[in-house]
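Novice: starting from these lines, generate the structure:
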Amino acid sequence: MRNLAPLACGLGVACASGSALRQRADAIGQDVKSARDLNAAACAPREIATAEANLRFAQLALDQGDSPRAGAHLDTAAPAARDALARSRDCGNTKVAVRKPADPQPATLSVSAKDTDGDGVPDVDDLCPDVPGPAEHRGCPVFTDRDGDGVADDIDRCPELAGPKENFGCPWPDRDGDRVADKDDRCPDEPGTPENQGCPRRTALIVIRRDRIELKQQIHFQPNRAKILSDSFDVLREVAQAIKDAPVAVRIEGHTDNVGKRKENITLSQARADAVKEYLVQEGVESKQLKSVGFGPKRPIAPNATKAGRTLNRRVEFRIEDRS
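Specialist: Next comes the predicted model:
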């Protein structure tokens, strides 16, 4: 029971913080409502929009249990709501001048409209009376949305990248680069397909890791040549399908044992890597996703002193390139 005390205390602090923030959000909501009732949409459109947007973002953050982010949005919403309320109380004032003629004629009433921001649009018709703007936008400046995601740049956390308003204008993270957002991806560290909820297809001859495509059988070539033997076609077709499913860049590495001249082994390993790349392109993989490199005997994975070790060292590997 003693071990549960710190947890209960922590939960109590979090609940108290969330409760206080919700009370603060309710108070700001009352200011926003009052401003709306005083026609803030016409008198203080920028302020009321900022207040309402950040209030919505704060409520969303509270629902997600993110109190620090909710507090930051409330800090922005509160002064905007107060400004909107203040501007709405003193909106559309006009100056009235009465000019009395010299002769005993009836007095003539002359009314000149107030134009606080001097943009040529009278305050009574100006939706942004304190910020200059063109008449075609009813006196308001043109708000920009550079990434075209429907979230204005002034409240967009990623103004150069399109993203949903639920994520404050930012795209959802996708660690493995498979075009399935991490929030929907059951395998966020392994590239897969949308149809398989972001997980790689289950295959018989390969295993997809975060940094490589692991083969359960080696690619076989004619001795001392770069011609692929037919018993390797099935595994290469599975490799091709995996790369097409997850649009990642792959480096094809050719390796040899240390028998023979080093320079010739490097040339042979490059030719074999190129042959594998050509086969994958014929299977429908885009050439720009592939890079072939021959390392010769430089990177052994087993001792070359035994026949079994040399066999393991004669291999082709598939490395998934860094996505950063």
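Novice: shouldn't residue 309 be in contact with residue 303?
Specialist: Yes - with contact defined as CB atoms under 8 Å, residue 309 counts as touching residue 303 (4.4 Å). To be clear about C-beta, it is placed using only N, CA and C from the backbone, and glycine gets the same treatment.
Novice: who has more neighbours, the two?
Specialist: Between residue 309 and residue 303, counted using other CB atoms under 10 Å, residue 309 has the larger neighbour count: 15 against 11.
Novice: per-residue pLDDT, that one?
Specialist: Note on residue 309: pLDDT of 95.
Novice: ignoring the adjacent residues along the chain, who's closest to it?
Specialist: Nearest residue to residue 309, sequence neighbours excluded (CB to CB, 6 or more residues apart in numbering): residue 302, at 3.7 Å.
Novice: likewise residue 117?
Specialist: Excluding its sequence neighbours, the residue lying closest to residue 117 (CB to CB, 6+ apart) is residue 132, at 4.7 Å.
Novice: contacting residues around the one you found?
Specialist: 117, 118, 119, 139, 141 (CB atoms under 8 Å, 6 or more residues apart in numbering).
Novice: one more pass at 10 Å, please.
Specialist: 115, 116, 117, 118, 119, 120, 121, 126, 139, 140, 141 (CB atoms under 10 Å, 6 or more residues apart in numbering).
Novice: how about residue 209: what's its closest non-neighbour residue?
Specialist: residue 190 is the one closest to residue 209 (CB to CB, 6+ apart), at 7.0 Å.
Novice: for residue 220, same thing?
Specialist: Computed as CB to CB, 6+ apart, the closest residue to residue 220 that is not its neighbour in sequence is residue 229, at 4.2 Å.
Novice: helix, strand or coil for the residue nearest to residue 309?
Specialist: With DSSP: H, G, I helix; E, B strand; the rest coil as the basis, the three-state label of residue 302 is coil.
Novice: same deal with the one 3 residues further on?
Specialist: Three states are possible here, and by three-state DSSP the one that applies to residue 305 is coil.
Novice: tally of neighbours for it?
Specialist: What residue 305 shows, counting by other CB under 10 Å, is a neighbour count of 9.
Novice: measure it to residue 297 for me?
Specialist: Separation of residue 305 from residue 297 (CB to CB, to the nearest Å) stands at 13 Å.
Novice: intersection of neighbour lists for these two?
Specialist: Common contact partners of residue 305 and residue 297 (CB under 10 Å, 6+ apart): residue 258.
Novice: mind listing what's buried along stretch 170-182?
Specialist: Across stretch 170-182, burial judged by 16 or more other CB atoms under 10 Å covers 170, 174, 176, 178, 180, 181.
Novice: rewinding a little: just the pLDDT at the residue nearest to residue 220, thanks.
Specialist: We have a pLDDT of 96 for residue 229.
Novice: and the one 3 residues further on, by the same measure?
Specialist: The predicted local distance difference test score for residue 232 is 94.
Novice: cool, and residue 106?
Specialist: Residue 106 is assigned 62 on the pLDDT scale.
Novice: can I assume the residue nearest to residue 220 is in contact with residue 222?
Specialist: Yes - counting by CB atoms under 10 Å, residue 229 does reach residue 222; the two are 6.6 Å apart.
Novice: overlap in contacts of the two?
Specialist: Here residue 229 and residue 222 share no contacting residue, scored by CB under 10 Å, 6+ apart.
Novice: count the residues that sit near residue 237.
Specialist: Neighbour tally, residue 237, other CB under 10 Å: 16.
Novice: give me the element residue 53 is part of.
Specialist: Using DSSP states H and E, residue 53 sits within helix 45-63.
Novice: is it true that residue 292 lies in a strand?
Specialist: Yes - under three-state DSSP, residue 292 falls within a strand.
Novice: from residue 61, how far out is the residue positioned nearest the centre of the chain?
Specialist: For the chain, residue 171 is the residue whose C-alpha lies nearest the centre (CA atoms, centre = their mean; 2.2 Å). For residue 171, the distance to residue 61 (CB to CB) stands at 18 Å.
Novice: cool, and residue 91?
Specialist: Distance, residue 91 to residue 61, by CB to CB: 32 Å.
Novice: those two: which is more packed in?
Specialist: residue 61 (20 against 17).
Novice: what residues are up against the more buried one?
Specialist: The neighbours of residue 61, taking CB under 10 Å, 6+ apart as the test, are 21, 67, 68, 69, 70, 71, 72, 73, 74, 168.
Novice: ok, now residue 26?
Specialist: Residues near residue 26 by CB under 10 Å, 6+ apart: 55, 59.
Novice: helix, strand, or coil at it?
Specialist: Following three-state DSSP, residue 26 is assigned to helix.
Novice: list phi and psi for the closest residue to residue 211 other than its chain neighbours.
Specialist: Excluding its sequence neighbours, the residue lying closest to residue 211 (CB to CB, 6+ apart) is residue 320, at 5.5 Å. For residue 320, the backbone dihedrals are phi -80, psi 120 (criterion: degrees, to the nearest 10).
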